[in-house]
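A.B. asks: Need coordinates for the below:
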Amino acid sequence: MSLPNSLYIRNRLVEVLEERDGKESVVFRLSDKYRQRVLEHSPGGAIPALPSEDMTPLQAMPALVAHLRALSERVLAVPGFPERIAALAALVSRMAHTQPDGVIAAIMLCPYHHYTAHHAINCSLLAARLGQSLALTSQAAEQLVCAALTMNIASAKLQDRMASQQAGPSTAQQQTLHAHPLLAAAMLREAGVEDEAWLELVLLHHEKTDGRGYPFGLSGDDIEHQVHRLHALDLVTAKMMPRTYRSRLKPKVALGELYAGKMEQVEPELVSHLVKIIGIYPPGSFVELADGDRAIVVRQTDNVATPIVASQTRPGSLIDTGQAEVSIVKALNFQVEERYLPLFYRLWEAT
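C.D. replies: Sure, this is the predicted structure:
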């Protein structure tokens, strides 16, 4: 793989021959001029603290987003960047392990103020759950979560703007988007990341099996399973987050389109794992029951179509929707105002 023949990219990146594990290979690094530019635009100030371990994911989401956003803005300026991301990834993974339904509820319920950082946290939570579902090694799972947290660090400001603009991306914005995997991987390398698998995941996370991805247009078996997984996570997470120019897709619709190949080709086995993780009616989503009651989904059961829900009319009452008289008749497209979220914290408190 070599740098695309683009002046935009070649003014920011250089190809360097380096020796690793006794072998010489070409790696991409930031040009001196672009590195200096990144440093000059790094803000000062302290990094917001990570949330407390005893918080639910719903409570912790704002702090997780603020911490990641601050790190991403200072990727070359903050000491120990790789270790800080690894610490955040470890916290995300612990939450996914101890509160699997709570992390999905946080994705469904928490509104975003900074799209890119929030998207990355959502994607990392799903990545942690996917690692568990696939029984990945601890190293592979950590690499997937770290890559989810950092894949968009080179285009954060642009993607934040695009999340609120009315029109689609301009030509200049498309140029930046197509370069961001290359720039992000080079920035991470510059920041001290030495894990080649992590770097490769970030570098290739927009490659598609049909060869229509970027930056290299890889296809088929040239795309590793882990890369394909991260790309699918990125895709489904983005579809489940609203933008100014479109509402978010219901998870059932998003996963159905993914399975049918309407978005693009994704391995059926991977879609099955995502359905298992997210559910047809995910925790944190709202549904209408056969008896006319409305409820919020609290946790999944062995049957993704019959989760446990909490009634809106009978506070504190948990309902098994596997019973015909209270079965789910439809999903509701309802969003809770941020000021009311504390009313739902108790539903996902650790027991």
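A.B. asks: And residue 231, which helix or strand is it part of?
C.D. replies: Secondary-structure assignment from DSSP states H and E places residue 231 in helix 225-239.
A.B. asks: next SSE after that helix?
C.D. replies: According to DSSP H and E, the helix or strand after helix 225-239 is helix 251-260.
A.B. asks: Now do that following helix: which elements does it pack against?
C.D. replies: Under the contact criterion of 3 or more Cβ pairs under 8 Å, 6 or more residues apart in numbering; DSSP states H and E, the helices and strands touching helix 251-260 comprise helix 225-239, helix 268-278. Bear in mind the C-beta positions are built from the backbone N, C-alpha and C, glycine included.
A.B. asks: can you give me the mean pLDDT across the shortest one?
C.D. replies: This predicted structure assigns helix 268-278 an average pLDDT of 89.
A.B. asks: same question, stretch 141-149
C.D. replies: Per-residue pLDDT values over stretch 141-149 give a mean of 98.
A.B. asks: How far does that stretch sit from its chain's centre?
C.D. replies: With Cα atoms, centre = their mean, to the nearest Å as the basis, stretch 141-149 stands 10 Å off its chain's centre.
A.B. asks: May I have that stretch exported as CSV, CA atoms only?
C.D. replies: Listed next in CSV are the C-alpha coordinates belonging to stretch 141-149 (Å, rounded to 0.1, in the frame of the first residue of the first chain):
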residue,chain,number,x,y,z
ALA,A,141,-10.7,-7.1,21.9
GLU,A,142,-8.6,-4.2,23.3
GLN,A,143,-7.3,-3.4,19.8
LEU,A,144,-10.8,-3.2,18.4
VAL,A,145,-12.0,-0.9,21.2
CYS,A,146,-9.0,1.4,21.0
ALA,A,147,-9.4,1.6,17.2
ALA,A,148,-13.1,2.5,17.6
LEU,A,149,-12.1,5.3,20.0
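A.B. asks: Number the chain from 52, please
C.D. replies: In the new count, where the first residue is 52, that last one comes out as stretch 192-200.
A.B. asks: tell me which residues in it are buried?
C.D. replies: Within stretch 192-200, the residues that count as buried by 16 or more other Cβ atoms under 10 Å are 192-200.
A.B. asks: Identify, from those, the entry nearest to residue 284.
C.D. replies: Proximity of the buried residues of stretch 192-200 to residue 284, judged by Cβ to Cβ, is greatest for residue 199, which lies at 6.4 Å.
A.B. asks: list the contacts for that closest one?
C.D. replies: Contact partners of residue 199, counting by Cβ atoms under 8 Å, 6 or more residues apart in numbering, are 171, 174-175, 177-178, 281, 284-285.
A.B. asks: switch to 10 Å and redo it
C.D. replies: Residues in contact with residue 199 (Cβ atoms under 10 Å, 6 or more residues apart in numbering) are 140, 143, 170-179, 181, 252-253, 256, 280-281, 284-285, 288.
A.B. asks: Kindly report the same for residue 301.
C.D. replies: Residue 301 makes contacts with 290-291, 307, 331-333, 336, 382-384, as judged by Cβ under 10 Å, 6+ apart.
A.B. asks: Now go through those and say which are in strands.
C.D. replies: Members of those lying in strands (criterion: DSSP state E): 382-383.
A.B. asks: what's near enough to touch residue 285?
C.D. replies: Residues 170-171, 174, 177-178, 198-199, 202-203, 256-257 are the ones in contact with residue 285 under the rule Cβ under 10 Å, 6+ apart.
A.B. asks: In a markdown table: these, plus secondary structure and distance to residue 391.
C.D. replies: What follows is the contacts of residue 285, written out as a markdown table (DSSP: H, G, I helix; E, B strand; the rest coil; distance: Cβ to Cβ, whole Å):
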| residue | secondary structure | distance to residue 391 |
| --- | --- | --- |
| 170 | helix | 23 |
| 171 | helix | 25 |
| 174 | helix | 25 |
| 177 | helix | 25 |
| 178 | helix | 29 |
| 198 | helix | 34 |
| 199 | helix | 29 |
| 202 | coil | 32 |
| 203 | coil | 30 |
| 256 | coil | 35 |
| 257 | coil | 36 |
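A.B. asks: Please tell me which one of those residues counts the most neighbours.
C.D. replies: In terms of neighbours by other Cβ atoms under 10 Å, the contacts of residue 285 top out with residue 198 at 34 neighbours.
A.B. asks: From residue 139, how far out is residue 117?
C.D. replies: Separation of residue 117 from residue 139 (Cβ to Cβ, to the nearest Å): 11 Å.
A.B. asks: now do residue 52
C.D. replies: Taking Cβ to Cβ as the criterion, residue 52 is separated from residue 139 by 29 Å.
A.B. asks: And for residue 280?
C.D. replies: When distances are taken as Cβ to Cβ, residue 280 and residue 139 turn out to be 19 Å apart.
A.B. asks: again, but for residue 114
C.D. replies: Separation of residue 114 from residue 139 (Cβ to Cβ) stands at 11 Å.
A.B. asks: Counting neighbours, go ahead and name the busier of these two.
C.D. replies: For residue 114 versus residue 139, the count of surrounding residues by other Cβ under 10 Å is larger for residue 139: 22 against 15.
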